[in-house]
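In: Need a 3D model of the following:
(2 chains)
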Number of protein chains: 2
Amino acid sequence: MAIEWSGLAPELLVDLDRTHRGRLGVQLQAALRKAVRSGRLTAGERLPSSREMARELGVSRGLVQDCFEQLAAEGYLVARAGSATRVAPTPAPPSTPPALRSVRVQPVAVDFRPGLPDLTSFPMRDWLWALGEVGRTAAADAVGYGDPRGRPELHAVVAAYLRRVRGAVAGDEQLVVCGGFTQGLHLALGALARSGHSSVGIEDPGHRDWDAIAARAGLRAIPLPVDRRGADVASLTDADVRAVLLTPAHQTPTGVVLAPERRREILRWADSRDGVVIEDDYDAEFRYDRQAVGSLQGLAPDRVMTIGSVSKSLAPALRLGWIVCPPALLGAVTAEKDLADRGSPALDQLALARLMESGRYDRHLRRMRRVYAARRRALVEALAEHAPGARLDGLAAGFHAVLRLPSGADERTVVAAARQRSVAVYPMGQYRLGVGDHPPALVLGFGNLSEPSIKRGIAAIADLLGA
Amino acid sequence: MAIEWSGLAPELLVDLDRTHRGRLGVQLQAALRKAVRSGRLTAGERLPSSREMARELGVSRGLVQDCFEQLAAEGYLVARAGSATRVAPTPAPPSTPPALRSVRVQPVAVDFRPGLPDLTSFPMRDWLWALGEVGRTAAADAVGYGDPRGRPELHAVVAAYLRRVRGAVAGDEQLVVCGGFTQGLHLALGALARSGHSSVGIEDPGHRDWDAIAARAGLRAIPLPVDRRGADVASLTDADVRAVLLTPAHQTPTGVVLAPERRREILRWADSRDGVVIEDDYDAEFRYDRQAVGSLQGLAPDRVMTIGSVSKSLAPALRLGWIVCPPALLGAVTAEKDLADRGSPALDQLALARLMESGRYDRHLRRMRRVYAARRRALVEALAEHAPGARLDGLAAGFHAVLRLPSGADERTVVAAARQRSVAVYPMGQYRLGVGDHPPALVLGFGNLSEPSIKRGIAAIADLLGA
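Out: Next up, the predicted model:
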């Protein structure tokens, strides 16, 4: 039924669907809210009395009165005892939300996007098993607000794992669970800023967002040059900085490992100025030629804050990681986590602990190491076959490799030409902070590509890569 | 077997467990790392040759060489071609982590802690069902890095819910999924700071942490007085502030609802200075006397940013919520989320969407409304029986009530005396930002207490509450 009331708001139509008798009040409220918002009912306008409106709509007067009262409480109407109900003076009607910027997406057949593990290999069945175990056994307070540092069960399992596999010196009580590496960094830098730091050295080339995350924490980012032996703190000798952010096990993106003397030099540097090293323990699970280099944290647990996650070892979407805090910074990091989000989701934390202690996590890692090693071989072989002049840099580790382009080549031209052939590759330039001159190179991720895709992709763009 | 090598480090004992032959290298590495860290092997000290050590330990020379090489790469040892392997010069050995501050916990039999829903009622079976559905049907890219705003499936379900139940004007594309209210606020204030705001008005009394969260975003918090009609922006007329944070549906902690003319006044205030209202849509699901007042956002979608979560309706441990962004702030909030943690866990988001669209979420809410209404009645009845002079303030809503104490009573004395009887109650003072004089009161949470516990708790402390 549609009605229109004369002299008041002729264009106002209230459509009530009589098949849902119980919802008539809700429908009437919605119609009136909409009429006010859209400007069809204008500020100050008098509404019919509840008696009139009830009669016209064929509903009870109580229903209309409830509706007026509700909308008055919400600020849409003004009701004063002894006078008519009127439309409240409201701000101008809202504009229509503009469409979100839409990115024109070119079809990509083979995407060498760095930083992605194989998504089809996520052990969903094991993950659901672990969640089921947690659901069956967890106490009620597991679903409450817990300690912002996270669940003690996960602290214990991860600390033991880091001691065993990464040579870390980590007591359970030093861990703070976080939502992946990015949040870990956000919290770590926030804690440093609150502890009196005003700047942080970050690797160049490195992850561009780190700059922006540092800025949000109120820290100035100082580029730290990376050469074939990793990051070099010598350039920081005169700088007013007491903290650096490093990827020692497998530098992002160059793929070099931090050389032993550089490791010592950095710790000496930190020691000499009461400094802090934030270690991104990136990719450490996936080294194919030999055992991964141990965590820097094991050498100087009072100076090094290590951040790890399961984004590469399980899946990015889990958003779970950890910070191993030097004792002096544990309180500050905990406070940051508490005020950032109160803690990470507890059931997921418990499920990860269960997965790790059941041995299923290790089994998955062993399997994935073989998968990724084979993919890397496929990349090396495809380059040897189709672009024999091309040179691959970086460790046999992780899911990405750095491909040197002929000197004088323009990264952007190569990237654009490859995209024309439906192959996405990524310029080293997007990792650069400084303005220095660097040899042109591409960063190729192979973690989420099958071996045939890798070969097909390289074959399609080989002529763009050669000398 | 334990060996000791003479002239080098007589106190160094390397215990190798021969029953795990395959792990001998790992054991040797661990023992040497430990010896360097503990200072038992000192900087510069010469190690035996790999040949000697292999003979003494009865292992292969290759194993010892691999071990030396690994520890050199990690910075523990220095190996130079043609000369002996030595212990690397390292920073001073780490101090033992100090014990964490331990809080002496008094046994609490009845805890009126505010802000907790009933944890035993969490629908674990439904949640696991929803996760199982997601696991069975989700595409592989659901476990990758998604849009930092969250999963479109959840945007659609939550936006529809807010339109239907809260009278919000929310297009799916205006939502950003976050990790509960606290993170939502963190992101919202960060976005305001990046958009040129330098201060924010916050309710007093209110949540104390909000002050700290504002400070972290670089915003000055300006107390906004709350009276029986809710927050009053009149005091902000002359202040240099263009943003306020409000709990309109059920003020935290006073429990008052923002009066209709105040709602309009606040929107006029925001409109007059191109301002923003952040709405904490707290407790809106749980009103027992009548329908909850609709979201302020519905009146001014261009001015109001609404933050909601399932911490009260399902469980805090899920850490899931949403921000409904005015179109002009959507980009800034999205950027904050991206740099804060890249996005919330995707499988949990999909499970929540599934739970809501299946009708199980609504069913749970209906059941819990009855449970909480009964608990509130139990509190009212217990007070009527045992402390007939006591006066309860605030709406029949949510899980907490405000109990006025006799004028002149000291909140802290009452809290301490109650604790002596194993009953935890919370002083209104902990919600106050200003230094003004306020009538003494307690904030009593009843969401996570059974009816008998509520009655027992009140009976035990009734004499402390009366006039």
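In: quick one: what helix or strand has the closest residue to A:Phe112 other than its chain neighbours in it?
Out: Excluding the flanking residues, the one nearest A:Phe112 by CB to CB, 6 or more residues apart in numbering or on different chains is A:Leu444, at 4.3 Å. Quick note: C-beta positions are derived from backbone N, CA and C, even for glycine. Element membership for A:Leu444, per DSSP states H and E: strand A:441-445.
In: now for that strand, which elements pack on it?
Out: In terms of contacts (3 or more CB pairs under 8 Å, 6 or more residues apart in numbering or on different chains; DSSP states H and E), strand A:441-445 is packed against strand A:400-404, helix A:411-420, strand A:426-427.
In: For the stretch 151-300 of chain A, what lies in contact range of chain B?
Out: A:167, A:169, A:171, A:173-174, A:178-180, A:182-183, A:186, A:190, A:209, A:212-213, A:216, A:218, A:257, A:260, A:263-264, A:267-268, A:270-271, A:290-291, A:293-294, A:296, A:298-300 (CB under 8 Å from any CB of the partner chain).
In: May I see the ChimeraX selection of the buried members of the residues you listed?
Out: Selection of buried members from those for ChimeraX, criterion 16 or more other CB atoms under 10 Å in any protein chain shown:
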select /A:167,169,171,173,174,178,179,180,182,183,186,190,213,216,218,257,260,263,264,267,270,291,293,294,296,298,299,300
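In: In helices, which of the residues of the stretch 151-300 of chain A next to chain B fall?
Out: A:180, A:182-183, A:186, A:190, A:209, A:212-213, A:216, A:260, A:263-264, A:267-268, A:270-271 (DSSP state H).
In: what ranges do the helices span in chain A?
Out: Going by DSSP H, chain A shows helices at A:24-38, A:50-57, A:61-73, A:124-137, A:152-166, A:180-194, A:208-216, A:260-272, A:327-341, A:346-357, A:360-386, A:411-420, A:451-465.
In: and the ones you listed, which is most packed in?
Out: Mean neighbour count (mean count of other CB atoms under 10 Å in any protein chain shown) peaks for helix A:180-194 among these, with a mean of 26.
In: Restrict it to CA atoms and write it as CSV.
Out: Provided in CSV are the C-alpha atoms of helix A:180-194 (Å, rounded to 0.1, in the frame of the first residue of the first chain):
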residue,chain,number,x,y,z
GLY,A,180,52.3,-10.1,11.2
PHE,A,181,55.5,-8.3,10.5
THR,A,182,54.0,-5.0,9.6
GLN,A,183,52.2,-4.7,12.9
GLY,A,184,55.3,-5.9,14.7
LEU,A,185,57.3,-3.1,13.1
HIS,A,186,54.6,-0.6,13.9
LEU,A,187,54.7,-1.6,17.6
ALA,A,188,58.5,-1.8,17.8
LEU,A,189,59.0,1.7,16.3
GLY,A,190,56.2,3.1,18.5
ALA,A,191,58.0,1.6,21.5
LEU,A,192,61.3,3.1,20.4
ALA,A,193,59.7,6.5,19.9
ARG,A,194,58.2,6.4,23.4
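In: Run the chain-centre distance for it.
Out: With CA atoms, centre = their mean, to the nearest Å as the basis, helix A:180-194 stands 13 Å off its chain's centre.
In: Regarding chain A, what is its longest strand?
Out: The residue-count maximum for a strand in chain A (DSSP state E) belongs to strand A:220-227.
In: which parts of that strand are buried?
Out: Buried residues in strand A:220-227 (16+ other CB under 10 Å): A:221-226.
In: Of those residues, which is the nearest to B:Asp238?
Out: For those, the residue nearest B:Asp238 by CB to CB is A:Ala221; the value is 38.4 Å.
In: Hmm, that closest one is touching A:Ile202, no?
Out: Yes: A:Ala221 is within contact range of A:Ile202, at 5.1 Å (criterion: CB atoms under 8 Å).
In: The helices and strands packed on strand A:441-445 into CSV, with extra columns for mean pLDDT and distance to chain B?
Out: Formatted as CSV, the helices and strands packed on strand A:441-445 follow (pLDDT from 0 to 100; distance: least, CB to the nearest CB, whole Å):
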stretch, mean pLDDT, distance to chain B
strand A:400-404, 93, 15
helix A:411-420, 95, 20
strand A:426-427, 96, 15
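In: Contact partners for the most centrally placed residue in chain A?
Out: Taking CA atoms, centre = their mean, the centroid of chain A lies closest to A:Thr182, which sits 5.9 Å from it. Taking CB atoms under 8 Å, 6 or more residues apart in numbering or on different chains, we find A:Thr182 in contact with A:209, A:213, B:339-342.
In: The residue nearest to A:Phe112 bridge partners, please.
Out: A:Ala401 (DSSP bridges).
In: which residues of the stretch 301-450 of chain A score low on pLDDT?
Out: Within the stretch 301-450 of chain A, the ranges that satisfy pLDDT under 70 run A:435-437.
In: Can you name the residues of it that neighbour chain B?
Out: Residues of the stretch 301-450 of chain A lying near chain B (CB under 8 Å from any CB): A:301-303, A:315-320, A:327, A:330, A:336, A:338-348, A:448.
In: can you do 6 Å?
Out: Residues of the stretch 301-450 of chain A that fall close to chain B, judged by CB under 6 Å from any CB of the partner chain: A:301-302, A:315-319, A:327, A:339-342, A:345-346.
In: farthest-separated two in those?
Out: A:Asp302 and A:Ala317 (34.4 Å).
In: Quickly note the distance from A:Leu192 to chain B.
Out: According to CB to the nearest CB, to the nearest Å, A:Leu192 and chain B sit 13 Å apart.
In: Which residue, other than its chain neighbours, is closest to that residue?
Out: A:Leu192 sits nearest to A:Ala243 (CB to CB, 6+ apart), 5.4 Å away.
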